[in-house]
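> Quick one: sequence plus predicted model below, questions after.
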Amino acid sequence: MDYIIILIAAVFVNNIVLSQFLGICPFLGVSNKVSTSIGMSGAVLFVMTIATTVTYLLHNYILIPAGLDYLRTITFILVIAALVQMVEIILKKVSPPLYQALGVFLPLITTNCAVLGVAILALGLENGSLLKAVFFAFSNSIGFGLALIIFASIREYLELANIPEGLKGVPINLLVAGLLSLAFLGFTGLV
Amino acid sequence: MAKTIDQKQNFLKGIVKENPVFVMLLGMCPTLGVTSSAFNGLGMGVATLFVLLMSNTVVSLVKARIPGKVRIPAFIIIIASFVTIVEMVLEAYVPFLYEQLGIFIPLIVVNCLILGRAEAFASKNDLKSSVLDALGMGLGFVIALTALGAVREILGNGSLFDLKFVSEDANTFILFILPPGAFIALAYLAVLFNKLTVKTI
């Protein structure tokens, strides 16, 4: 039951992009086509889940016992950067088709604040355990993917729409994101 | 003489022509996430300005000693060190702000603005230009965040820097304090900014 609540809360109620504002850069940057947004979501799902597993273990079994809690930010970002490189190398060897699909997005993920953000948020879960933290990361990446793919679908239609001169480009995208966020606000109180 | 004009341009470009938020769309996460009031926006802006200034300074000083292949990880460590300093200072001296900004303080590390300036500017230019570049870009960021925070606070709460100017039970646009308001307010501020800068140039 706990896990269902985590999933619903992460995907709908506290959507990582639309209500917590993490991962806005890729959200605005790679959302002009549905196909690229699916690739990006896949890459984020992959990296976020692995990164949270590693950082959670690192934090609870190395940093805390050693009293180095204040090094959290530095170690996490290094672990994520190294991990992204490693995932890239392994994918290239093990599964070329998957690498073809996700390859271009992997380097971008290092500076995706959603990955670091979720890794930090996962430490603060109630009655936290490794399994819960990993599931939390997984749910959040699903939420990220959902928001990204919906947004990309809307943007594909926007290309054909007749938009007022001043709103063209960035502002209209922000407005669409705002309306989408408003829609997700409707899920408040669900959990 | 030409040199001084160049430096002035270098400083001003971050505030107007290449404003990190309105023009270049860098550092959007903290921009949208913490600006529910003008004070939070200002606090976040100043914290980012500090980290940007220090990282640009250090990167510019050590750029010749960093091998090209590992420069990005090296920059990230430099940035992360200063973010940790900011985190500890805020926690010790401004706990109220530390709580308000929450997760967005460690996330200054992944603010693309800072890494972007380190990579695109400080690693190629001398100390003086890098410091001015950081000050200009940082101020542009502070202005943008404070403006967005002020607009959201005025519309959503009827106050500015916690000074209320409508009665307690007045109806305000609560939407602007909530997440959707961040996107919508920023969209219209970007329109306004484009309009103003096009006219002045």
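Thanks, I have the structure now. The model shown is predicted, which means the values in this text are computed figures rather than measured ones.
> where in chain A is pLDDT low?
Scanning chain A with the threshold set as pLDDT under 70 gives A:103-104, A:111.
> For it, identify the residue most remote from the centre.
Ranking residues of chain A by C-alpha distance from their mean position (Cα atoms, centre = their mean) puts residue A:165 at the top, at 32.3 Å.
> what separates it from residue B:62, distance-wise?
46 Å (Cβ to Cβ, to the nearest Å). Where C-beta positions appear, they are placed from N, C-alpha and C, glycine not excepted.
> How about the secondary structure of residue A:8?
Classification of residue A:8 by DSSP: H, G, I helix; E, B strand; the rest coil places it in helix.
> Contact partners for the nearest residue to it once chain neighbours are set aside?
The shortest distance from residue A:8 to any non-neighbouring residue, by Cβ to Cβ, 6 or more residues apart in numbering or on different chains, is to residue A:191 (5.5 Å). The contact partners of residue A:191, by Cβ atoms under 8 Å, 6 or more residues apart in numbering or on different chains, come to A:5, A:8-9, A:13.
> so can I have JSON lines of these showing distance to residue B:116 and neighbour count?
Below are those laid out as JSON lines (distance: Cβ to Cβ, whole Å; neighbours: other Cβ atoms under 10 Å in any protein chain shown):
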{"residue": "A:5", "distance to residue B:116": "38", "neighbour count": "13"}
{"residue": "A:8", "distance to residue B:116": "36", "neighbour count": "16"}
{"residue": "A:9", "distance to residue B:116": "33", "neighbour count": "18"}
{"residue": "A:13", "distance to residue B:116": "33", "neighbour count": "18"}
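> Make JSON lines from those and add distance to residue B:175 to it.
Listed next are those as JSON lines, based on distance: Cβ to Cβ, whole Å:
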{"residue": "A:5", "distance to residue B:175": "27"}
{"residue": "A:8", "distance to residue B:175": "24"}
{"residue": "A:9", "distance to residue B:175": "22"}
{"residue": "A:13", "distance to residue B:175": "18"}
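> Closest one to chain B out of the residues you listed, please.
Minimum distance to chain B across the contacts of residue A:191 is 11.6 Å, recorded for residue A:13 (Cβ to the nearest Cβ).
> re earlier: the residue nearest to residue A:8 looks like it's in a strand, true?
No - with three-state DSSP as the criterion, residue A:191 is assigned coil and is not in a strand.
> any idea how far residue A:117 is from it?
Using Cβ to Cβ, we find residue A:191 at a distance of 20 Å from residue A:117.
> Please enumerate the strands of chain B.
For chain B, the strands defined by DSSP state E cover B:159-160, B:163-164.
> So the residue of chain B most remote from its centre versus chain A, what's the distance?
Going by Cα atoms, centre = their mean, the residue of chain B most distant from its centre is residue B:169, 33.6 Å out. According to Cβ to the nearest Cβ, to the nearest Å, residue B:169 and chain A sit 23 Å apart.
> My guess is residue B:113 contacts residue B:19. True?
No - in this structure residue B:113 lies outside contact range of residue B:19 using Cβ atoms under 8 Å: 10.7 Å.
> which stretches of the chain form helices?
I'll assume chain A. A:2-8, A:24-29, A:34-58, A:72-94, A:96-102, A:106-109, A:113-121, A:130-158, A:170-185 (DSSP state H).
> looking at chain B here, not the other one
With helices called from DSSP H, chain B shows them at B:2-12, B:28-33, B:38-62, B:71-93, B:95-101, B:112-117, B:127-157, B:179-200.
> which one of those helices is the most hemmed in?
helix B:28-33 (a mean of 26; mean count of other Cβ atoms under 10 Å in any protein chain shown).
> Verify the stated contact: residue A:106 with residue A:89.
No - contact criterion Cβ under 8 Å: residue A:106 and residue A:89 do not qualify, at 10.0 Å.
> Pick out whichever of those two has more residues nearby.
Ranked by neighbour count (other Cβ atoms under 10 Å in any protein chain shown), residue A:106 and residue A:89 place residue A:106 first, with 20 against 11.
> residues from chain A in reach of chain B?
A:18-25, A:28, A:70-74, A:76-78, A:81, A:110-113, A:116-117, A:120-121, A:166-167, A:170-172, A:174-175, A:177-179, A:181-182, A:185 (Cβ under 8 Å from any Cβ of the partner chain).
> Need the buried ones from those selected in PyMOL.
Selection of buried members from those for PyMOL, criterion 16 or more other Cβ atoms under 10 Å in any protein chain shown:
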select buried, chain A and resi 18+19+20+21+22+23+24+25+28+71+72+73+74+76+77+81+110+111+112+113+116+117+120+121+167+170+171+172+174+175+177+178+181+182+185
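> for chain B, where's the lowest mean pLDDT among helices and strands?
Lowest on mean pLDDT, DSSP states H and E among the helices and strands of chain B sits helix B:2-12, with a mean of 68.
> one step back: would you reformat the strands of chain B as a markdown table and include distance to residue A:138?
Output for the strands of chain B, formatted as a markdown table (distance: least, Cβ to Cβ, whole Å):
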| stretch | distance to residue A:138 |
| --- | --- |
| strand B:159-160 | 40 |
| strand B:163-164 | 43 |
